[in-house]
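Asks: no sequence on this one, just coordinates:
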């Protein structure tokens, strides 16, 4: 039996959507950034994985395996790595929430106001960075105030935002709170610039800036998203 014309059209349309989705996420991109001290950070974004290489030599690289729903942390000093699931990241976030509340209570006893919610507010159109138009947002956390510039044309797979926001929130840092807030407000686009200044007395004068110096669209080798040969897997702390 020959399929009807309408069925053929539906199947053709579905095939086009599948191919279009594959094309959309098939174009890998690499964002290179530099901070105020000249240190560089690199973000590798592909359809199935994202890797963030920190500009701070003390920090670890983080690989988000979107195809497996796991988060890998590389410790280059010890040549080890850990791998946790999204559920484990949520557990860590709940565990750290208690620590954060205790820390805030301690700061209040010392006369430091650590209370207050994280807030992200759109300012408007931002500057063009590394060839991409951006939207500018004001950010505020209990300990910092700053701004971020996002490029709507640079979009990572949706699964990346789920993994990265959960992991970042679990780390309790100011940037983690900002990422989580952006995710909750469904703000899309890749961050190409961020600035921040400490708003607490003990952090007065401390500031940071990180801006993209280049964006390259080219295939990324799959090995980029795997632990290096010789690295030993260890249990997460």
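Replies: Structure's in. What do you need? Bear in mind that the values here come from a model prediction, so they are computed numbers and not experimental data.

Asks: residue ranges of the helices in this structure, please?
Replies: Taking DSSP state H as the test, the helices found in the chain are 5-26, 86-109, 158-170, 174-184.

Asks: thinking residue 121 is in contact with residue 138, fair?
Replies: Yes - when contacts are counted by C-beta atoms under 8 Å, residue 121 is listed as touching residue 138 (4.8 Å). Heads up, the C-betas are built off the backbone N, CA and C, glycines and all.

Asks: what's the closest non-adjacent residue to residue 53?
Replies: What sits nearest to residue 53 in space, not counting adjacent residues and going by C-beta to C-beta, 6 or more residues apart in numbering, is residue 42, at 4.3 Å.

Asks: Same check on residue 234?
Replies: With sequence-adjacent residues excluded and distances taken as C-beta to C-beta, 6+ apart, residue 234 is closest to residue 80, at 4.7 Å.

Asks: what do you get for residue 177?
Replies: Using C-beta to C-beta, 6+ apart, the closest residue to residue 177 is residue 118 (4.2 Å).

Asks: so where's the chain uncertain?
Replies: 1-26, 55, 57-58, 92-116, 166-176, 199-205 (pLDDT under 70).

Asks: And the strands in it?
Replies: 29-35, 40-45, 49-53, 61-65, 70-75, 80-85, 119-125, 135-140, 144-151, 190-198, 207-216, 232-233 (DSSP state E).

Asks: Next, format those as CSV and append distance to residue 222 and mean neighbour count.
Replies: Below are the strands of the chain laid out as CSV (distance: least, C-beta to C-beta, whole Å; neighbours: other C-beta atoms under 10 Å):
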stretch, distance to residue 222, mean neighbour count
strand 29-35, 14, 18
strand 40-45, 11, 18
strand 49-53, 8, 21
strand 61-65, 11, 21
strand 70-75, 14, 19
strand 80-85, 16, 17
strand 119-125, 34, 12
strand 135-140, 32, 19
strand 144-151, 25, 22
strand 190-198, 21, 21
strand 207-216, 17, 16
strand 232-233, 19, 10
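
Asks: Which one of those lies nearest to residue 164?
Replies: Relative to residue 164, the nearest member of the strands of the chain by C-beta to C-beta is strand 61-65, separated by 6.1 Å.

Asks: contacting residues around the closest one?
Replies: Strand 61-65 is contacted by residues 48-54, 71-74, 76, 83, 159-160, 163-164, 167, 225-227 when judged by C-beta atoms under 8 Å, 6 or more residues apart in numbering.

Asks: Now do the same contact list for the residue lying closest to residue 46 once chain neighbours are set aside.
Replies: Closest residue to residue 46 apart from its sequence neighbours, by C-beta to C-beta, 6+ apart: residue 28 at 4.5 Å. For residue 28, the contacting residues are 44, 45, 46, 47, 217, 218, 219, 220, by C-beta under 8 Å, 6+ apart.

Asks: Was I right to think residue 161 contacts residue 184?
Replies: No - look at residue 161 against residue 184 with C-beta under 8 Å: they stay out of range, at 10.2 Å.

Asks: Now do the contacts for the closest residue to residue 159 other than its chain neighbours.
Replies: Excluding its sequence neighbours, the residue lying closest to residue 159 (C-beta to C-beta, 6+ apart) is residue 66, at 4.1 Å. Residues near residue 66 by C-beta under 8 Å, 6+ apart: 47, 48, 49, 50, 157, 159, 160, 163.

Asks: List only those of those flagged as buried.
Replies: Buried residues within those, defined by neighbour count using 16 or more other C-beta atoms under 10 Å: 47, 49, 50, 157, 159, 160, 163.
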